[in-house]
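# fold the following and give me the result.
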Amino acid sequence: MVRRRLSLLLMAATLLARFPPVLAQDDGLIPPEPIETSQAPYPTGGEGNASVVLELVIGEDGRVTSVAVARGREPFASAAREAATEWRFSPATRRGKAIAAKIRYEVTFEETITPDPSPDLAPAGDGPTGEADASRPPSNVIEVAAEEIARAPSVRSLRRSEIRRLPGAFGDPFRAIEVLPGVTPIVSGLPFFYIRGAPPGNVGYFLDGVRVPYLFHVAAGPSVVHPALVERVDLYSGGYPARFGRYAGAVVSAETTEPRADWHGEGKIRIVDAGALVEGGFLDGRGRALLAGRYSYTAALFSLLSPEITLDYRDFQGRFSFDVTDRDRLSVFTFGAYDYLSDTSADGVETVLFGSEFYRVDTRYDARLKSGGTLRAAVTAGFDRTRVADGRNTRSVLVNSRVRLAEPVTKDVTLRAGFDMQLDDYRADERRYTDPDDPDTAAYNALFPPRSDSAAATWADVVWQLSPRLEITPGIRVDGYYSNGAKAVAADPRLAVTARVHERVRLLHAIGVAHQPPSFVVPVPGLAVANLNGGLQRAFQASSGVEIALPWDTTANVTGFTGVYENMTDTISLNIDGDPSTRLPRSLGAARGIEVYLRRSLSNRIGGFVAYTFSRTTRSIDDQHRPAAFDRTHVLHTAASFDLGSGWRAGTRLSIISGAPRLLPLGFPTGFVDSSDVTRDPVFYRVDFRAEKRWSFTETVWLSLVVEMLNATLNTDVIDGNQVGPVTIPSIGVEGGF
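A predicted model of the protein is given here:
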């Protein structure tokens, strides 16, 4: 039988007993209260009494948006988790404002032995039962920290439940960011983006706070992380929180799922690759282990279809966590990826077109403090390698350490602070059979000498709830850099303001400064420019917007943004003349525009969105001014997804992208180039579709057949007058889980 002892008196007593006054209700924090909590049935195959601790995230609408088993054994863990997905709460509030909150909730199971009326009359097989007894009080809330799930004004988030239903994304969390406002693809269908005018090399990619050198496998492949491991992807288009730094553009941050103690998994087989994930607990759920990976068998396919092409990619992820106490957790998270693409000529000479790999091992300690705060301390080791011309390799070994603290100071103020340090050791193979006095060799050695780069930072911001309707977050980040004998220091102030002018209307403002060492237009693993003498890249970013909660679970957002990018190095390849003494060309960039975002979550029975960006991005070098090479004035994405019933779901997406300007040679014409006089490539559009048939065999076991296609219209993009593609990706796959 299940006991669900949740009473207001016990909940209040738990709060006051386990937390100091800063989290008591006199600070304006009111925890979630249950409205609908269906009983978890005693599971088949269960024996004896059991207790399961769940970590629930309660959304602003009172729905349970995330369920993780913190502790408990099977089959009880799965039974409790399944029941929790249907529960409803009144949302947590802070000074009258509804907030998303996290609670720890205990579900207890008790085995009941049905008494036999007579030993002689007892039927065979009678024994333990798990019938619910309504006279019993509900399960026990053992902790309500009401931890607010903070949303920065400049962030837009996508959760896995809607990512997997997005046509053309193939369920990949990182590929889905293409549809968000402010994102401009270099080539439609390929995973390299400008974000509010910042090139791909100025966009930082993070997975659970660990820097990732690239997001996607070669040849328009999937993302380098198994989709089932990613709970949410956040895009910070500018003015991001102080904990993010060393990127003068934007930040893409993915958060992994909470470790689960119940055994579960899922797999996927497609035409070109296969992947799987499995996770479970041990030691009564105190320990949890996860293993995931993906492997492409395209090498075998190409050997039959195009023997001259070799294409191979794979990735893996592993995670081990152990709850030392109810508040302390140790974890080891490791992941990596390998990519290889080459072309072999008729005479047997192989040319490597792309070859990269990276690996990370992150060891971390997480603590939930008695004051209601959180602490994370972590150390990361990594290895990156890229194959470059003439069969040479560039490689780097990195070590990173970071500490992050979030601590409520008063009832209205939360302090977030931390520091991080990183060491990168770069090495590159020497060019074979070359004259050391050759200018090209000298330029190469000057750009990529063997060296050790280092960086250290300290940061802090304060989330200050001035009133139930006004919240400000001032912050500061200070970074120090060292590379090849040169040093640099940068201070990055940040400010975010959220004002609720109506219960359905919020005003969102963000402004900030960000610095970054020199970089390429596209990031290359194991390869970085060794030149701080010209200074750091610097970005000044600001945005203001309004967000309106409309009927039918629909949200509308209109944002205006502006950005100035100084000392940019994305034009590095334009002026190198072979003279190693030539200072690398730096450019001045600017971007401004308006973003419109209307959405209803794709996880609803009928969902969809419209995302439109109107912008202008320019670059200036010396006295020459022109639109940026990938300035696309209009970018429109619209999609819809429908639950057709009987396990069928279908969706489609339309993307319309205006053309980029035709490149003009440097030095001609001189002076400012009016964007209206620039010849542009034609408008590109494409249609994606997705159809799925899902079979559910039990509450947890399911199987799906998915047919999906990116660029079903087979349209070709045009870059600088040259046709590219069509970049089209058809996919037929079978997915399943338990």
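# what's the nearest residue to Q723 if we skip its chain neighbours?
T716 (4.6 Å; CB to CB, 6 or more residues apart in numbering). C-beta: built from backbone N, CA, C; applies to glycine.
# could you do E430 as well?
Using CB to CB, 6+ apart, the closest residue to E430 is R392 (7.5 Å).
# next one: D61
P91 (6.7 Å).
# what about the one you found, how many neighbours?
20 (other CB atoms under 10 Å).
# for it, what are phi and psi?
phi -70, psi 160 (degrees, to the nearest 10).
# ok, now which ones touch it?
P32, I58, G59, E60, D61, G62, A98, I99, A100, A101 (CB atoms under 8 Å, 6 or more residues apart in numbering).
# list the residues that contact the residue nearest to Q723.
Contacts of T716 (CB under 8 Å, 6+ apart): F684, Q723, V724, G725, P726.
# equivalent analysis for V397, please.
By CB under 8 Å, 6+ apart, the neighbours of V397 are A381, G382, F383, D424, D425.
# among the residues you listed, which one sits closest to R653?
Taking CB to CB as the measure, R653 sits nearest to G382 out of those, at 35.0 Å.
# contact partners for the closest one?
R211, F358, Y359, R360, V361, V397, L398, V399, N400 are the contacts of G382 under CB under 8 Å, 6+ apart.
# SS state for it?
strand (DSSP: H, G, I helix; E, B strand; the rest coil).
# kindly state the beta-bridge partners for it.
R360, L398 (DSSP bridges).
# residue contacts, R404?
G209, R243, L375, R376, R416, A417, G418.
# of those residues - the most surrounded one?
These, ranked by neighbours (other CB under 10 Å): first place R243, 23 neighbours.
# bridged to F642, which residues?
I606, A650.
# isn't it right up against R690?
No: contact between F642 and R690 fails when scored by CB atoms under 8 Å: they sit 10.7 Å apart.
# neighbour count winner among the two?
More crowded of F642 and R690, by other CB under 10 Å: R690, with 25 against 17.
# so that one touches R164, yeah?
No: in this structure, R690 is not within contact of R164 by CB under 8 Å, at 9.3 Å.
# list the residues that contact the nearest residue to T554 once chain neighbours are set aside.
Spatial nearest neighbour of T554, excluding adjacent residues (CB to CB, 6+ apart): R600 at 4.6 Å. With contact set as CB under 8 Å, 6+ apart, R600 has these partners: W552, D553, T554, T555, I606, G607, G608, F609.
# distance of R600 from E162?
10 Å (CB to CB, to the nearest Å).
# what do the two both touch?
Between them, R600 and E162 share the contacting residues G607, judged by CB under 8 Å, 6+ apart.
# need the residue closest to the centroid of this protein.
Taking CA atoms, centre = their mean, the centroid of the chain lies closest to A254, which sits 2.1 Å from it.
# any idea how far S696 is from that residue?
28 Å.
# got the contact list for R71?
S51, V52, V53, A261, G281, D284, G285, R286, D323.
# and which of these is nearest A539?
For those, the nearest to A539 is D323 (40.7 Å; CB to CB).
# how close does that closest one get to G373?
18 Å.
# just D315 next, same as before
Taken as CB to CB, the span from D315 to G373 is 34 Å.
# higher neighbour count, those two?
Legend: neighbour count by other CB under 10 Å for D315 and G373, higher for D315 (25 against 20).
# what pairs with the more buried one across the strands?
R294, A337.
# that one contacts L229, doesn't it?
No: contact criterion CB under 8 Å: D315 and L229 do not qualify, at 10.6 Å.
# which non-adjacent residue is nearest D429?
D429 sits nearest to R392 (CB to CB, 6+ apart), 3.8 Å away.
# I figured that neighbour hits T386, correct?
No: with contact defined as CB under 8 Å, R392 and T386 do not form a contacting pair (9.5 Å).
# what about these two, which has more around it?
T386 (23 against 15).
# going along the chain, name the helices of the stretch 351-500 of the chain.
Listed in chain order, the helices of the stretch 351-500 of the chain (DSSP state H, counting those that start in this stretch) span 439-447.
# for it, what spans make up the strands?
374-387, 393-408, 413-428, 451-467, 470-483, 486-502 (DSSP state E, counting those that start in this stretch).
# quick check: pLDDT value at A346.
What the model reports as pLDDT for A346 is 79.
# SS state for it?
A346 is classified as coil under three-state DSSP.
# count of residues packed around it?
6.
# tell me how many other residues surround E350.
Residues near E350, counting by other CB under 10 Å: 12.
# ok, the residue lying closest to it once chain neighbours are set aside - contacts?
Leaving aside its sequence neighbours, E350 sits nearest to T344 (CB to CB, 6+ apart; 4.6 Å). T344 is in contact with P307, E308, I309, T310, E350, T351, counting by CB under 8 Å, 6+ apart.
# against G168, how distant is T344?
Taken as CB to CB, the span from T344 to G168 is 32 Å.
# so where's the stretch 501-650 of the chain shaky on pLDDT?
530, 571-585 (pLDDT under 70).
# all helices of the protein, in order?
In the chain, the segments counted as helices under DSSP state H are 8-18, 76-84, 160-163, 298-305, 439-447.
# ok, and what's touching the third one?
Residues external to helix 160-163 that are found in contact with it (CB under 8 Å, 6+ apart): 169, 171-173, 176, 227-228, 230-233, 601-603, 607.
# off-centre distance for stretch 589-601?
19 Å (CA atoms, centre = their mean, to the nearest Å).
# please disregard the earlier target; I meant stretch 183-196.
16 Å.
# buried residues in it, which are they?
For stretch 183-196, a neighbour-count test (16 or more other CB atoms under 10 Å) marks 183-196 as buried.
# what do you get for stretch 689-709?
R690, A691, E692, W702, S704, V706, E708, M709.
# got the residues you listed as TSV, with pLDDT columns?
Below are those laid out as TSV (pLDDT from 0 to 100):
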residue	pLDDT
R690	97
A691	97
E692	96
W702	93
S704	96
V706	96
E708	95
M709	94
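# ok, which pair from these is furthest apart?
W702 and M709 (22.9 Å).
# so what's in contact with R690 and R164 at the same time?
Between them, R690 and R164 share no contacting residue, judged by CB under 8 Å, 6+ apart.
# just to revisit the earlier point, got the phi and psi for the residue nearest to Q723?
The phi/psi pair for T716 (degrees, to the nearest 10) is phi -100, psi 140.
# and the one 5 residues further on, by the same measure?
Main-chain dihedrals, G721, degrees, to the nearest 10: phi 80, psi -10.
# use 224 as the first number for this chain going forward.
Let's use 224 as the start, then, which means that last one is G944.
# so what's the residue count around it?
G944: 11 neighbours (other CB under 10 Å).
# now the residue nearest to it when sequence neighbours are not counted: how far from I942?
Excluding the flanking residues, the one nearest G944 by CB to CB, 6+ apart is R885, at 6.0 Å. For R885, the distance to I942 equals 9 Å [CB to CB].
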